[in-house]
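Q: below are the sequence and a predicted model for it; my questions follow.
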Amino acid sequence: MTDDARNGLGRVGIWTFGFEGQPAGRVREAAAEVEETGYGAIWFGEAFGRDTVGQAWLLLSATRRITVASGIANIAFRDPIATATATRTLGEAFPGRYLLGLGGHRVDDTVHRVDGYPMPARGRAVATMSAYLDAMDAVPAHGPVPDPAPRRVLAALGPRMLELAAARTWGAHPYFVPVEHTVKARAAMGPDAFLGVEQAVVLDTDPARAREVATAHVAGYVAMAAHQQANVRRLGFGDEDIVGGPSRRLVDAIVAHGDVDTIRHRVREHLEAGADHVCVQVLTADPAALPDREWRELAPALLH
């Protein structure tokens, strides 16, 4: 990864699901403050709140220079034509500032259970994602073509998806991973592909409080997300770490919790292990609130 490509996002950004539950005005204010604080990128998740295209437009229009990255746009939620044309529009309106992260669960019944609509495509994850990229690439352009074209990354965890990310996109955006995964991801993708890693953190010097928030976060993913459970098992975690609730070892590997120095150390570990960029997801006891205070408090340590 060249310095120019890496510097497009800086070394550290923020990652949050929190924008989904906030009114548009609050989102604009928070995004502008994140930019002024100095973070290199704003990454946001997509569930069943504000859709990824609308959320990206809201964040991009509220800021001037920061990269806005979908982390990730769920391929189960929209046809490849819709994704391709929306991405072009965002790329044209905000040149060089939108990063499309793709992933999701089109290969299972996650969405079908919510809306009752049959899944339009099924199959193995890598083959499905490859076909989705093919379909996006085949969409003709009948209007302005953004220059530069918006970059794409994949929510890659396993070795085959990491290889696909390196071969077909700018790189990978692993989520819910320890430092050991960053080492493996860099080895799988080679030296040139972008690697932007999400790191969950709890900024709280009360050990019991911090561990409670961290444990709740990890428990939710290992209980409900089969692909996340499969990934931690690939990394050497077993039933003793997963069944009946996450072990202390698993919680500590996934979430950095404690003071500013503890969090800074974990971010530095990812960078030294091969990450080009680390996006920090601040967890608090109130998931619906935006962690503005924590973003401000962490910035001096993480950005300098």
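A: That came through, no problem.
Q: spatially nearest residue to residue 179, not counting backbone neighbours?
A: Taking CB to CB, 6 or more residues apart in numbering, and ignoring the residues beside it in sequence, residue 179 has residue 269 as its nearest neighbour in space, at 4.7 Å. For the C-beta atoms, the positions are set from N, CA and C on the backbone; glycine is no exception.
Q: what's the neighbour count on the one you found?
A: Neighbour count for residue 269, taken as other CB atoms under 10 Å: 18.
Q: host element of it?
A: With the criterion set as DSSP states H and E, the secondary-structure element containing residue 269 is helix 260-273.
Q: what's the first helix or strand after the lengthiest helix in the chain?
A: Looking only at the chain and at elements set by DSSP state H, the helix with the highest residue count is helix 207-224. Moving toward the C-terminus from helix 207-224, the first helix or strand encountered (DSSP H and E) is helix 226-234.
Q: just the buried residues of that following helix, please?
A: Across helix 226-234, burial judged by 16 or more other CB atoms under 10 Å covers 227-229, 231-232.
Q: and if you look at stretch 256-263?
A: Within stretch 256-263, the residues that qualify as buried by neighbour count (16+ other CB under 10 Å) are 256-258, 260, 263.
Q: ok, stretch 295-304 next?
A: Using 16+ other CB under 10 Å as the test for burial, stretch 295-304 gives 295, 297-299, 302.
Q: so what touches stretch 17-33?
A: By CB atoms under 8 Å, 6 or more residues apart in numbering, the list of residues contacting stretch 17-33 from outside reads 42, 44-47, 49-50, 55, 58-59, 61-63, 66, 287-292, 295-296.
Q: let's go with 10 Å and repeat that
A: Contacts of stretch 17-33 from elsewhere in the structure, counted by CB atoms under 10 Å, 6 or more residues apart in numbering, are 14, 16, 39, 42, 44-51, 54-55, 58-64, 66, 68, 71, 281-282, 284, 286-292, 295-296.
Q: in ChimeraX, how would I select the buried members of those?
A: A single ChimeraX command is used to select the members of those judged buried by 16+ other CB under 10 Å:
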select :14,16,39,42,44,45,46,50,51,55,58,59,60,62,63,66,68,71,281,282,284,290,291,295
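Q: can you give me the strands for this structure?
A: For the chain, the strands defined by DSSP state E occupy 12-16, 41-44, 67-70, 73-74, 98-103, 151-154, 171-172, 194-203, 255-258, 277-282.
Q: can you tell me the closest non-neighbouring residue to residue 49?
A: Leaving aside its sequence neighbours, residue 49 is closest to residue 20 (2.9 Å, by CB to CB, 6+ apart).
Q: which residue is nearest the centroid of the chain?
A: Centroid check for the chain by CA atoms, centre = their mean gives residue 71 as the closest residue, at 3.4 Å.
Q: please convert the strands of the chain to a markdown table, extending it with mean pLDDT and distance to residue 186.
A: Compiled in a markdown table, these are given as follows (pLDDT from 0 to 100; distance: least, CB to CB, whole Å):
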| stretch | mean pLDDT | distance to residue 186 |
| --- | --- | --- |
| strand 12-16 | 98 | 18 |
| strand 41-44 | 98 | 19 |
| strand 67-70 | 98 | 19 |
| strand 73-74 | 94 | 24 |
| strand 98-103 | 98 | 18 |
| strand 151-154 | 98 | 14 |
| strand 171-172 | 98 | 10 |
| strand 194-203 | 98 | 6 |
| strand 255-258 | 98 | 19 |
| strand 277-282 | 98 | 13 |
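Q: including distance to residue 80, could those go into CSV?
A: CSV is the format used below for these (distance: least, CB to CB, whole Å):
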stretch, distance to residue 80
strand 12-16, 25
strand 41-44, 21
strand 67-70, 15
strand 73-74, 11
strand 98-103, 10
strand 151-154, 12
strand 171-172, 20
strand 194-203, 22
strand 255-258, 34
strand 277-282, 25
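Q: farthest pair within the buried residues of stretch 256-263?
A: Largest separation among those by CB to CB: 257 and 260, giving 11.7 Å.
Q: now list whatever residues contact both of the two.
A: Once CB under 10 Å, 6+ apart is applied, the residues that residue 257 and residue 260 both contact turn out to be 201, 203, 205.
Q: distance of the residue nearest to residue 101 when sequence neighbours are not counted relative to residue 207?
A: Taking CB to CB, 6+ apart, and ignoring the residues beside it in sequence, residue 101 has residue 72 as its nearest neighbour in space, at 4.0 Å. Taking CB to CB, to the nearest Å as the measure, residue 72 falls 32 Å from residue 207.
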